[in-house]
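Asks: Mind looking at a prediction? Sequence and model below.
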Amino acid sequence: MLIVVENESGTALNAPATEFGTIQERGHLLTEQANPESQNLDQMSPLEIVDLFNREDEKVLAAIATARESLALALEKTAAALRQGGRLFYIGAGTSGRLGVLDAAECPPTFCTPPELVQGILAGGAPALLRSSEALEDRSEDGAAAITEHNITAKDVLVGITAGGTTPYVQGALQAARAQGTTTIFMACVPSEQVPIEVDVDIRLLVGPELLAGSTRLKAGTVTKLALNILSTGTMVLLGKVYGNRMVDVAVTNQKLYGRAVRMIQDLTDLGREEALALLEKSDRRVKLALLMHWTGLDAVAGEQQLADCQGNLRQAIQKSTKF
């Protein structure tokens, strides 16, 4: 028994049957190629391995710089959607999907966002976080179904994350989302000529072949994490969840964050530690509200209303107050 396998040019080849059905040749993809710098990887000393990693990881920052305009456009579109009541979704499989889940999970404690505002969708669901389930990435219909399951609409933003660009699960999700008008963002580590796609924002993070051929949890994973950091943090900055370079919307949920909140109030005002503690408690442990109360003389209720009127933007709320 034979199955059809396609080579780089699309020509059909004969190959032994497998449980994976029709197999697409991916050897031409940048993420699948062998890195000439690591041909003797298995013969290197520990120090040589570390040095090689360092040299290869230098390419990560260059890739981010090259993608700066597409990343900026992604920030702009995501912030605009969230201002209008939309949500941000990441979707992926394997390492790419796990990185999306990680970034989404870190938004509530850092920016005090509701859990539903930024969400990560991983092929295989929660169990795939701990146990590899990469076979699930081959089902494009599952990706499309995830759009319906999460009630993703035209108001939302969907970021498809796939290092090699060809993951059917991600491709299916993006196609389904785009068909209904959702803002779509594609994040991949292969050039557009290798994997063309129609999306609103196309982010290509070209770090080159991995030192361990095909292991995209390495440079590709690192550059993806950096890009997601920029996307989520930059969006929250544009939404007014940052004052200067301080996370004034931090959720005070443990001792470390409580101490950070007190220090922020001290650093941004002329208050001593005890006064800052008292103000933080008076504002129900909300740094942004505490600062507004201190600088404008508003009480907690009036301050909260002013922040709401300014969509949570502290600087705008201060400027609006006639008492400041």
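Replies: On my side now, so go ahead. Residues are numbered from 1 along each chain as shown.
Asks: so residue 241 makes contact with residue 249?
Replies: Yes: at 4.3 Å, residue 241 and residue 249 qualify as touching, with contact defined as C-beta atoms under 8 Å. No exception for glycine: its C-beta is placed from N, CA and C like everyone else's.
Asks: Give the residues shared as contacts by the two.
Replies: Shared contacts of residue 241 and residue 249, defined by C-beta atoms under 8 Å, 6 or more residues apart in numbering, comprise 111-113, 312.
Asks: quick one: which of these has the most company?
Replies: Among those, residue 111 has the most neighbours (other C-beta atoms under 10 Å), with 23 neighbours.
Asks: List the contacts of that residue.
Replies: Contact criterion C-beta under 8 Å, 6+ apart gives 236, 241, 247, 249-250 as the residues in contact with residue 111.
Asks: Out of those, which end up buried?
Replies: 236, 241, 247, 249-250 (16 or more other C-beta atoms under 10 Å).
Asks: Now render those residues as JSON lines, adding pLDDT and distance to residue 229.
Replies: Output for those, formatted as JSON lines (pLDDT from 0 to 100; distance: C-beta to C-beta, whole Å):
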{"residue": "236", "pLDDT": "96", "distance to residue 229": "11"}
{"residue": "241", "pLDDT": "92", "distance to residue 229": "15"}
{"residue": "247", "pLDDT": "89", "distance to residue 229": "13"}
{"residue": "249", "pLDDT": "90", "distance to residue 229": "17"}
{"residue": "250", "pLDDT": "87", "distance to residue 229": "17"}
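Asks: and these, which two are the farthest apart?
Replies: Pairwise distances among the buried ones among the contacts of residue 111 were taken by C-beta to C-beta; the largest, 11.1 Å, belongs to 236 and 250.
Asks: Now do the shared contacts for these two.
Replies: With contacts defined as C-beta under 8 Å, 6+ apart, the residues shared by residue 236 and residue 250 are 110-111.
Asks: How many residues are close by residue 214?
Replies: The criterion is other C-beta under 10 Å. On that basis, residue 214 has 17 neighbouring residues.
Asks: roughly how far apart are it and residue 38?
Replies: From residue 214 across to residue 38, the span is 12 Å (C-beta to C-beta, to the nearest Å).
Asks: just checking, residue 202 is part of a strand?
Replies: Yes: note on residue 202: a strand contains this position according to DSSP: H, G, I helix; E, B strand; the rest coil.
Asks: now the residue lying closest to it once chain neighbours are set aside: how far from residue 162?
Replies: For residue 202, the nearest residue in space outside its immediate sequence neighbours is residue 186; the separation is 5.1 Å by C-beta to C-beta, 6 or more residues apart in numbering. Residue 186 sits 8 Å away from residue 162, taking C-beta to C-beta as the criterion.
Asks: Same drill for the two, tell me which one is more crowded.
Replies: A count of neighbours by other C-beta under 10 Å puts residue 162 above the other of residue 186 and residue 162, at 31 against 25.
Asks: Which strand or helix spans the residue lying closest to the more buried one once chain neighbours are set aside?
Replies: Nearest-residue entry for residue 162: residue 170, 4.5 Å, with adjacent residues in sequence omitted and distances by C-beta to C-beta, 6+ apart. Assigned by DSSP states H and E, residue 170 falls within helix 168-179.
Asks: center of the protein, which residue is that?
Replies: Averaging the C-alpha coordinates of the chain gives a centre point, and the residue nearest to it by C-alpha atoms, centre = their mean is residue 228 (3.1 Å).
Asks: how much space between that residue and residue 255?
Replies: Per C-beta to C-beta, residue 228 is found 28 Å from residue 255.
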